[in-house]
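Trainee: My questions concern the predicted model and sequence given below.
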Amino acid sequence: MIKKDLKRKNIAKSCCELFAKNGFSNITVNAIAQQAGIGKGTVYEYFEKKEDIILVLMECLQEEYDNNLLSFDNQNHTPKEKLFSIFEIFLSDDEKISMQKEIYKQFLITTLSSPSDTMLDYHENLRNKYICVIENISEKFDGGLIFDTIIGFFTISISTKNYDLKKTITNYLEPIGGTH
C-alpha cells in the first residue's frame, strides 16, 4: 500500500507545472501520462478519475506548506507576522509559492465546477484546520471570519481583471494583526 501511495504522489507531483501553466480542465489524461513518463493505463491504475490527481497534488503541496508554516511558527514571531505567514500563498511573489497558489486556484475551480464529496470534505477539513491555526495565534482572532474572507478575496481575484489580491489581503490583515 505504501508503494502505491508513493507512486500516486509521484504521478501527481509530476503534473504540478503542467496544471499550473495550462489549467487543470485543459489537460488530458494522455498529457498527464506523458508528463509522468507512464502509460495512460497506468494513470487509471492509480487514479479513478482525473480529479483525483489534483486532490493528491493538493495534499502533497499542503503537507509541504504546513511544514513550512510549522517551522515559521516555532520561531519567535509576533501574532501579526504569524497571521500573515498563514496566507503567504496569496502574498508572496516567490515562484514556487506562486505555483502552489495556481494549483490551489485550479483545485478550487475544479471543486466549484464539479464538486465531489471527497473534494468538498478536503476543503472543509482545510478550512477547519486553518481556523484553529488562526485562533491559536490569538484569542482575539475570529478564525472563521478571517479564513473565509481571504478565500473570498482569492475567489474574486480568479474572476476579476486587474484585481490586486496582495494589496486587498494586506489591507484587510494589517489592522487585524495589530502592532505587536
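Mentor: Arrived safely.
Trainee: right, and the secondary structure at residue 115 would be what?
Mentor: Taken by DSSP: H, G, I helix; E, B strand; the rest coil, the conformation at residue 115 corresponds to coil.
Trainee: Tell me the confidence at it?
Mentor: For residue 115, the model assigns a pLDDT of 88.
Trainee: now swap in residue 64 and tell me
Mentor: The model reports residue 64 with a pLDDT of 88.
Trainee: Following the host helix or strand of it in sequence, what is the next regular element?
Mentor: For residue 64, the host element (DSSP states H and E) is helix 50-73. Downstream of helix 50-73, the first helix or strand assigned by DSSP H and E is helix 79-86.
Trainee: Could you tell me the angle between that following helix and helix 50-73?
Mentor: Comparing the axes of helix 79-86 and helix 50-73 via axes from the mean of the first three to the mean of the last three CA atoms, to 10 degrees yields an angle of 160 degrees.
Trainee: what is the mean pLDDT for the next helix or strand after helix 79-86?
Mentor: Reading on from helix 79-86 to the C-terminus, the next helix or strand found by DSSP H and E is helix 88-91. Mean per-residue pLDDT for helix 88-91: 92.
Trainee: which helices and strands does helix 88-91 pack with?
Mentor: helix 95-113, helix 143-158, helix 165-177 (3 or more CB pairs under 8 Å, 6 or more residues apart in numbering; DSSP states H and E). From N, CA and C alone the C-beta is placed, and that goes for glycine too.
Trainee: Using CSV, list the CA coordinates for the helix or strand where residue 10 lies.
Mentor: Assigned by DSSP H and E, residue 10 belongs to helix 2-14. Extracted in CSV, the C-alpha atoms of helix 2-14 (Å, rounded to 0.1, in the frame of the first residue of the first chain):
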residue,chain,number,x,y,z
ILE,A,2,2.8,2.4,0.8
LYS,A,3,4.4,1.8,-2.5
LYS,A,4,1.1,2.6,-4.3
ASP,A,5,0.7,5.8,-2.3
LEU,A,6,4.2,6.9,-3.2
LYS,A,7,3.6,6.2,-6.9
ARG,A,8,0.3,8.2,-6.7
LYS,A,9,2.1,11.1,-5.1
ASN,A,10,4.9,11.0,-7.7
ILE,A,11,2.5,11.0,-10.6
ALA,A,12,0.5,13.9,-9.1
LYS,A,13,3.7,15.9,-8.3
SER,A,14,5.0,15.4,-11.9
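Trainee: And the following helix or strand past that helix, what's buried?
Mentor: Remark: after helix 2-14, the chain's next helix or strand is helix 16-22, criterion DSSP H and E. Buried residues in helix 16-22, counted by 16 or more other CB atoms under 10 Å: 16, 18, 19, 20.
Trainee: Over to stretch 95-104?
Mentor: Within stretch 95-104, the residues that qualify as buried by neighbour count (16+ other CB under 10 Å) are 97, 99, 100, 101, 102, 103, 104.
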